[in-house]
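# my questions are about this predicted structure, shown below with the sequence.
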Amino acid sequence: MNAHTALIDRYFDIWNETDAGRRLTLIAQTWASDATYVDPLLSAQSHDGIDAMIRAVHERFPRHTFRRTTAVDGFADRLRFSWELSSPDGVSIVKGSDFGQVDADGRLRTMTGFLDEVPGAA
């Protein structure tokens, strides 16, 4: 497993972590302190902002899980991958692709998300 794949697998561990203390520890290990996240529906800055954003997603979609659906493609400090959000019974409800940048310490500096498939979209 390469460093980018390990980093993104930890990224998904964060999205799926419901224990607030454990999630904050994972965020500190995975994201740069000045990191930013943006997608068409959400945005966040810093560890606290990223944690608040993920907590809000957990509140809106309880017991749903994120998983990576493609290999992590990366070069230098850039990476990309696709994912899906599944309901508790395993039905995929949203699919997307994310593009990220890694800092010199190997932590996520930026993440930009795109929604590829959403409910009700034509």
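Received the coordinates, thanks.
# buried residues, stretch 98-111. List them.
98, 100, 101, 102, 107, 108, 109, 110, 111 (16 or more other C-beta atoms under 10 Å). Heads up, the C-betas are built off the backbone N, CA and C, glycines and all.
# contacts for stretch 14-30 next, please.
Under the contact criterion C-beta atoms under 8 Å, 6 or more residues apart in numbering, stretch 14-30 has outside partners 7, 10-11, 13, 47, 50-51, 54-55, 57-58, 65-66, 107-108.
# what's the most distant pair in the buried residues of stretch 98-111?
Greatest spatial distance among the buried residues of stretch 98-111 (C-beta to C-beta): 98 and 107, at 15.3 Å.
# just the contacts of stretch 14-30: which are in helices?
7, 10, 11, 13, 47, 50, 51, 54, 55, 57, 58 (DSSP state H).
# buried ones among those residues?
Here, 16+ other C-beta under 10 Å leaves 7, 10, 11, 47, 50, 51, 54, 58 buried among the ones in helices among the contacts of stretch 14-30.
# could I get these in CSV, plus columns for distance to residue 31?
CSV is the format used below for those (distance: C-beta to C-beta, whole Å):
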residue, distance to residue 31
7, 10
10, 10
11, 8
47, 6
50, 6
51, 10
54, 11
58, 17
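# from those, which is closest to residue 34?
residue 47 (9.3 Å).
# related to what we said a few turns ago, for the contacts of stretch 14-30, work out which two are farthest apart.
65 and 107 (23.2 Å).
# still on that earlier bit, pick the one among the buried residues of stretch 98-111 closest to residue 42.
Nearest member of those to residue 42, counting by C-beta to C-beta, is residue 111, at 10.5 Å.
# before we move on, what SS does the closest one have?
Here residue 111 is recorded as strand under DSSP: H, G, I helix; E, B strand; the rest coil.
# give the bridge partners for it, please.
residue 37, residue 100 (DSSP bridges).
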